[in-house]
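In: Got a sequence here, can you build the structure:
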Amino acid sequence: MRGDAWVKILVVLLFAGGIAAFFALGGPQYLSLDTIKDNRDQLLALTERHYAAAVVVAFTVYVVATALSLPGAVLLSLTVGLLFGRWIGAAIIVVAATAGATCAFLAARYLFAGFARRKLGLDSPSATPGLAARINQGFTDNAFNYLLFLRLVPLFPFMLVNLAPAFTSVGVRTFVIATAIGILPGVFVFANLGQSLGRIESTAELVSPATLGAFALLGLFALVPILIRKLRGGRGAHGTAP
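Out: Below you'll find the predicted structure:
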């Protein structure tokens, strides 16, 4: 086997091993609302005594959980908000979630993008542009706005938005910037709510329909520049037509 193939196998084993270890070691049991609430005071005291180490641990756990797409992102955000407050907590979450999402994006691109793009004919210069090619081109031309929309609107799973762009021509820099900006409103909401974690009975009660609607509206605003460019392009083409 080629060296590249061995590296890909190693990456797959690393991700699969991490996910398996999480469930084998009882991760869902520890990462539960009741467990965090029961140990709230101990966690706060431990964080106060070893603040720098707590920041490193929280950051590392969040990056790994995001990269492996483990369940419990909302609860992790609440816990970080509880331990570090709305401002420092939000900063930790944004940087860690962006780093973890980028790891998942790069892994998906390295492992599967080449195969998927060949199957869809995206890398063949002689192929007739089909639906996949047009979607890829449209997403690439407006990558920042589309990614911002996908991050802001709460209808799209975070994991899916990490992986799907890996099969397009979206640049890593664009992915990182759009992710960091797009998750910021939600991160601040959950980091702020984390300070009242002891009074929360269920994660289902955290976000009101009005808040979800506000996120959706922000997402729609992200698409406005694309709509304006398309309208201007359409008028330009109409004006130059014979």
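In: Check which helices and strands the lengthiest helix in the chain sits against.
Out: Ranked by residue count, the top helix of the chain under DSSP state H comes out as helix 73-108. The elements that helix 73-108 packs onto, with contact taken as 3 or more Cβ pairs under 8 Å, 6 or more residues apart in numbering; DSSP states H and E, are helix 33-38, helix 40-49, helix 51-67, helix 158-163, helix 172-182, helix 184-193. For the C-beta atoms, the positions are set from N, CA and C on the backbone; glycine is no exception.
In: Give me the mean pLDDT for that helix.
Out: Averaging pLDDT along helix 73-108 gives 92.
In: That helix versus helix 172-182: what angle between them?
Out: 170 degrees (axes from the mean of the first three to the mean of the last three Cα atoms, to 10 degrees).
In: Check the offset of helix 73-108 from the chain's centre.
Out: Centroid separation for helix 73-108 versus its chain: 9 Å, with Cα atoms, centre = their mean, to the nearest Å.
In: how many degrees apart are it and helix 40-49 in direction?
Out: Angle of helix 73-108 versus helix 40-49, following the same axes, to 10 degrees, is 60 degrees.
In: Return the set of buried residues in helix 73-108.
Out: 73-84, 86, 89-94, 96-108 (16 or more other Cβ atoms under 10 Å).
In: weakest of the helices and strands packed on helix 73-108 by average pLDDT?
Out: helix 33-38 (a mean of 81).
In: packing partners for that one?
Out: By 3+ Cβ pairs under 8 Å, 6+ apart, helix 33-38 packs against helix 73-108.
In: Can you check what angle separates the helix it packs on from helix 184-193?
Out: 140 degrees.
In: got the contact list for the nearest residue to Ala101 once chain neighbours are set aside?
Out: Counting by Cβ to Cβ, 6 or more residues apart in numbering, the nearest residue to Ala101 once its immediate chain neighbours are dropped is Asn162, at 4.6 Å. Taking Cβ atoms under 8 Å, 6 or more residues apart in numbering as the criterion, Asn162 is in contact with Thr66, Ser69, Ala101, Ala104, Phe105, Ala108.
In: hmm, try it at 7 Å
Out: Asn162 makes contacts with Ala101, Ala104, Phe105, as judged by Cβ atoms under 7 Å, 6 or more residues apart in numbering.
In: What mean pLDDT does the host helix or strand of Trp6 get?
Out: When secondary structure is defined by DSSP states H and E, Trp6 falls within helix 3-24. The average pLDDT within helix 3-24 is 83.
In: thinking again about what came up before, and the angle for the longest helix of the chain with helix 51-67?
Out: 60 degrees.
In: Isn't Cys103 up against Ala67?
Out: Yes: the pair Cys103 / Ala67 is scored as a contact, 3.9 Å apart, by Cβ atoms under 7 Å.
In: list residues touching both of those two?
Out: Common neighbours of Cys103 and Ala67 (Cβ under 7 Å, 6+ apart) do not exist.
In: Touching stretch 78-86 from outside, list them.
Out: If you take Cβ under 7 Å, 6+ apart as the criterion, stretch 78-86 is touched by 36, 40, 43-44, 47, 54, 58, 62, 89, 92-93, 188, 190-195, 197.
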